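**Student:** Sequence first, predicted model second:
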Amino acid sequence: MINIRSIYKSYGGLNVLKGINLDIATGEVLSIVGPSGAGKTTLLQIAGTLERPDSGSVCYDGKDITGLPDKKLSAFRNANIGFVFQFHQLLPEFTALENVAMPLLIGGERRGKAEKRAAELLDTLGLSERLKHKPAQLSGGEKQRVAIARAIANAPAVVFADEPTGSLDSHNRDEIRQIIRSLNEQTGQTFVIVTHDPSVAAISDRIVSMSDGMITGVDKTSPSPDILC
C-alpha cells in the first residue's frame, strides 16, 4: 500500500502538483492519464522516490520515506521499486543479460546468481536468444522487454512505468500491455502506469485522471485503504 498525501511540487514559478492525495493498493494495476503538462510524470517520479516533493508525504506500508537520506532512499528504491521508461534507458555498452543483472549486482548479489536470475527473466519474456545482444542490436519491442526484465529483477513490490508503449508500434504495444497484465496476475506486483494510450489504461484496475497538477477523477474504484501514515 502506497499513501500519497498533500503533495506539492514546483519548478521555479511553475506549480506542477497542487495538493495530490492518492492511495495505491497492493497488487493493483493503476494508470494515470491526462494531457501533456498535467503533472503525471512528476507524480510518478515522486511516488517512485526519484524526486522529492516540496511538501507532503509518500508512505510505503505505513512508513513515510519522504525524508530518508539519499543513501537510504537509494537502497529502499533498489530493493522495493522497479522502473520502466518510454525509451527503455538501457546502458548501451552492456548486453541484455548485463542490463538485467545490474540491479541485483547493485543490491549485493553474487554475479553468477545475478546472471542466472537475469537469464531466467529474459527467457520468460521470450528473449533467450538475445542474452548477449547489446541494445543497438535489439528491436524497440525487445529493448522494452529487457527494460521490464530489469525492472522486476529484484522482485520489487511496485513497478512504475512512464509511457512504456509510447515509442512502440501497435504490435509491440499490445505485447508489452499483455506482459504487464500477465506479470501482475502471476506475481501480485503493483504496477503504476503513466500513459496516453487508452488501450494500455484499459488493462488497469483503476484509472486516475489528472489535469493542471490535480487529480480530476478516478474510475474503477477499489476498496478503501486500511494502512495509513
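**Tutor:** That came through fine.
**Student:** Please, where are all the strands along the protein?
**Tutor:** Remark: strands assigned in the chain by DSSP state E are 2-11, 14-24, 29-33, 55-60, 63-64, 81-84, 158-162, 190-194, 206-211, 214-219.
**Student:** and the fifth one, how far from the chain's centre?
**Tutor:** Meaning strand 63-64. Here strand 63-64 is found 19 Å from its chain centre; the criterion is CA atoms, centre = their mean, to the nearest Å.
**Student:** The last one now?
**Tutor:** Strand 214-219 sits 20 Å away from the centroid of its parent chain (CA atoms, centre = their mean).
**Student:** Give me the angle between it and strand 2-11.
**Tutor:** With axes from the mean of the first three to the mean of the last three CA atoms, to 10 degrees applied, the angle from strand 214-219 to strand 2-11 works out at 150 degrees.
**Student:** partners of strand 214-219 in the sheet?
**Tutor:** Using DSSP bridges, the strands paired with strand 214-219 are strand 206-211 (antiparallel).
**Student:** residues in contact with the strand it pairs with?
**Tutor:** Around strand 206-211, the neighbours that count as contacts under CB atoms under 8 Å, 6 or more residues apart in numbering are 22, 28-35, 38-40, 43, 201, 215-222. Using the backbone N, CA and C atoms, a C-beta is placed for each residue, glycine as well.
**Student:** For residue 107, which of the strands of the chain is the nearest?
**Tutor:** strand 81-84 (12.1 Å; CB to CB).
**Student:** which other helices and strands contact that closest one?
**Tutor:** For strand 81-84, the elements it packs on are helix 140-151, strand 158-162, judged by 3 or more CB pairs under 8 Å, 6 or more residues apart in numbering; DSSP states H and E.
**Student:** Redo the ones you listed as a markdown table? Include distance to residue 9, mean neighbour count and mean pLDDT.
**Tutor:** Output for the helices and strands packed on strand 81-84, formatted as a markdown table (distance: least, CB to CB, whole Å; neighbours: other CB atoms under 10 Å; pLDDT from 0 to 100):
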| stretch | distance to residue 9 | mean neighbour count | mean pLDDT |
| --- | --- | --- | --- |
| helix 140-151 | 24 | 24 | 91 |
| strand 158-162 | 16 | 24 | 93 |
